[in-house]
Structure formats: C-alpha cells, structure tokens
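[1] Structure for this input, please:
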Amino acid sequence: MQVNLKVRRYDPETPETEPSYRNYSVEMPENATVLDTLIEVREYHDGTLSLRCSCRSAICGSCAMRINGKARLACKTQVGSLVKDGGEIVVEPAGNLPVIKDLVVDMAPFWSKVRAVDPWLKTDGPPPEREYVVPNESMAALGEVMNCIMCGACVSDCTVLEVDQSFLGPAALAKAFRFVGDPRDDAQNGRLRAYSQPSGMWDCTRCNYCVEVCPKDVKPMEQIMKLRSEAVHAGIKNNNGSRHTLSFVDLVDTNGRLDEFRLPVFTEGKFNLIGQLSYLPSAPRMLRAGKMPPIFPHKIPGVKHVKRIFKYFEQNRTKAGEGSLH
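    Numbers count the residues shown, from 1 in each chain. Model prediction:
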C-alpha cells in the first residue's frame, strides 16, 4: 500500500529557521507500523531524518510521538488503520517537551519531575531479615500504575503542561501513587503533603487526555484522583484543592445542587478576600454565556434522596475504615 507521511522537521543547526513539514510517499505492507514506515524513510529516502526507537515491541516507550495530532507509540500504530481515516499521516514530535531534532525530544524535564516525587520506597526501620511479603490484594490495586513504561505520551498531551510547565504532570503523579499505595512505604503522609503543594496533584484539570493516549491503560488521571482521595482522608486540607472538594461535597449535600456563589468563598477561605476577588473576571463571561448561577440558592425537589445517597456512602466509607469526607 502507498503511505503518505507528512513529517515535522526541525534542524538545531539552523535554529533561526522555523520548523517545517516534509512529505514522503513510500510503499509499505498493510500490517506495517508508523515506526516501520519512518525507518524506511530514514534508511532509503532521507538519511537526515531523526527519530528515537529501540524495542519495536511497545515495551521501551522510546518511540512516543504525535501521530495525526494524538500521542501514540509509533511501533504500536499500524499505518493501515490511519490511512483509512484520511490518507495522509501527520507525524510530529511529542508535545510539552523541548525538541532536539525532528522527532527527538529532550526527556530531561520528564525525568526531573519523576525524580521529584521520590519514586522509591521509604521505610522508618531497618530492612527486614527476610523478604517483605506483600498481600496479593495490596499489589493488585497497583497493577494499572505498575504497567507504566515511562513513554511520556500522557505528558505530551497534558493540557495543564501546555500552560504551566511547573506542573508535575500525569506520569510523575501516577508514579507517586504507586508508592503511596505500597504497604511497604512508611512515608505516605509526607508524600501526600508534598504532592498537595502548588503544581502538584490538585492542579490537574481532569481533561482525561492522559487516559485516552496511554498505550498501557495506566489511567494516570485516575491515579491522581486516588492521590487526592488519600490526601483528604489523611486530613491534609490546608490547600485550595482539598477545600474545593470538601466544599463541593458539603454544598451538594445541603441543597442537592452546587451553590457556585459560595464555592469560591469556601475554596479560598472566608477571610481571603484577595483570593475570592480573583474569581470576578469570570463573572462577565458567565453572564454572556447565560451560565450565571442564581444568587439565592434553593434546595432541589427531592433533596432528601440526595442526602440519603450521601448518608449511605458515608456509612460504608466509615465501615471500610477510610474516614469521612466531611
């Protein structure tokens, strides 16, 4: 089959030149991958093309890049499925990371954020005389996050990193949960306090892109939500993220609906007038869009049923030893 590639090119030796796209047309078998096609181009059509690859088996994660606008592993993506969608396959370097050359990005910022979450076990006492036997159910709960191959696909498409490079990112925070959830680790509270700082777990906007693009079904956003839950249950509430969550729960529990006028007050703190005033610029936009909430909140019909749901979950959470959200 004829495969038409449109590859984004960047030459660091001429940094004054803007990145551009170059088209390649090559004959490939229908079961060929995007990586197979790129290697074909590099070996037989254009030896100046730079890309990174290793295992070709979706294990090492080296070949993560944007293909048709979405982060994927080039070695796992077959050209046949993409050609049917439109004919031309657009290949670009992974996003949110500095480009070194063509499709090769600098992974140093990625690894620095992974190291920032202390991705190793911390214990208070001496090591055990024999191996530490972990219950199967404890490690089964970490099965998803341990599948991570550190490819950076989630980081590439993270919408928060597009506007805030200080954000730890989905890969690092998913790795953080891997150790928070490990029964052998003795530093859970310290970890959760560190991850609750600005640019940490509460800065995730839950756009779900990291879940969509992950080639190993790690579900990074879900791991971040688990971190948040652990922090709240551990009593770490002195930050906007946890206050926002708890206020959201309390307001819905009270009226059966969210009181968006009072939410900023509880989120920022009753006496933090500067923080509360920061929400004012959004008011005109809400008015224009017809989304301004009512000034005087009212209870929804059947609010008793909402309260019953809250009571049920509170009782079951307490029985499970997880504490209360209130």
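[2] how far out from the middle of the chain is the host helix or strand of Leu38?
    Here Leu38 sits within helix 34-44, counting by DSSP states H and E. On the basis of C-alpha atoms, centre = their mean, to the nearest Å, helix 34-44 sits 30 Å off its chain's mean C-alpha point.
[3] Which element is encountered next along the chain beyond that helix?
    Per DSSP H and E, the first helix or strand lying C-terminal to helix 34-44 is strand 64-67.
[4] Show residues contacting that following strand.
    34, 51, 71-74, 77, 82, 89-95, 103, 151-153, 156-157, 215 (C-beta atoms under 8 Å, 6 or more residues apart in numbering). Any C-beta I mention is one placed from the backbone N, CA and C, and that applies to glycine too.
[5] Mind checking which of those land in helices?
    34, 82, 153, 156 (DSSP state H).
[6] Out of those, which comes closest to Pro220?
    Nearest to Pro220 out of the ones in helices among the contacts of strand 64-67 is Ala153 (C-beta to C-beta; 9.7 Å).
[7] Any chance of the backbone angles for the spatially closest residue to Gly61 that is not a sequence neighbour?
    Among residues not flanking Gly61 along the chain, Cys151 sits closest, at 2.9 Å (C-beta to C-beta, 6 or more residues apart in numbering). Cys151 adopts backbone torsions of phi -80, psi -30, taken as degrees, to the nearest 10.
[8] okay but Cys151 is in contact with Leu73, surely?
    Yes. Counting by C-beta atoms under 8 Å, Cys151 touches Leu73, with 6.3 Å between them.
[9] okay, and the common contacts of these two?
    If you check Cys151 and Leu73 against C-beta under 8 Å, 6+ apart, the residues they both contact are 61, 64, 215.
[10] Now neighbour count too, for those residues, in JSON lines please.
    What follows is the shared contacts of Cys151 and Leu73, written out as JSON lines (neighbours: other C-beta atoms under 10 Å):
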{"residue": "Gly61", "neighbour count": "20"}
{"residue": "Ala64", "neighbour count": "30"}
{"residue": "Pro215", "neighbour count": "20"}
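[11] just those now: which is nearest Asp182?
    The closest of the shared contacts of Cys151 and Leu73, once distances to Asp182 are taken by C-beta to C-beta, is Gly61, at 22.1 Å.
[12] tell me which element Lys270 falls in.
    Following DSSP H and E, there is no helix or strand that holds Lys270.
[13] Which parts of the stretch 201-326 of the chain are helices?
    Under the criterion DSSP state H, counting those that start in this stretch, the stretch 201-326 of the chain contains helices at 209-213, 220-233, 240-255, 263-268, 273-277, 282-288, 303-319.
[14] Dump those to JSON lines, plus mean pLDDT.
    Shown next, in JSON lines, are these (pLDDT from 0 to 100):
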{"stretch": "helix 209-213", "mean pLDDT": "98"}
{"stretch": "helix 220-233", "mean pLDDT": "95"}
{"stretch": "helix 240-255", "mean pLDDT": "85"}
{"stretch": "helix 263-268", "mean pLDDT": "80"}
{"stretch": "helix 273-277", "mean pLDDT": "78"}
{"stretch": "helix 282-288", "mean pLDDT": "80"}
{"stretch": "helix 303-319", "mean pLDDT": "81"}
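[15] Out of those helices, which is closest to Lys175?
    helix 220-233 (8.5 Å).
[16] list the helices and strands the closest one packs on?
    In terms of contacts (3 or more C-beta pairs under 8 Å, 6 or more residues apart in numbering; DSSP states H and E), helix 220-233 is packed against helix 143-146, helix 170-180, helix 188-195, helix 209-213, helix 240-255.
[17] now the angle from that helix to helix 240-255?
    80 degrees (axes from the mean of the first three to the mean of the last three C-alpha atoms, to 10 degrees).
[18] hmm, who's touching helix 220-233?
    144-145, 154, 170-171, 173-174, 176-178, 180-181, 188, 192-193, 195-196, 201-202, 204, 206-208, 210-211, 214, 241-242, 245-246, 322-323, 325.
[19] One more: stretch 143-152?
    With C-beta under 8 Å, 6+ apart, stretch 143-152 has contacts from 58-62, 64, 71, 73, 94, 97, 105, 107, 110, 114, 139, 171, 174-175, 177-178, 181, 215-219, 222-223.
[20] Filter those residues down to the buried ones.
    Listed as buried from the contacts of stretch 143-152 are 58, 60-62, 64, 71, 73, 94, 97, 105, 107, 110, 114, 171, 174-175, 177-178, 181, 215-216, 218-219, 222-223; burial here means 16 or more other C-beta atoms under 10 Å.
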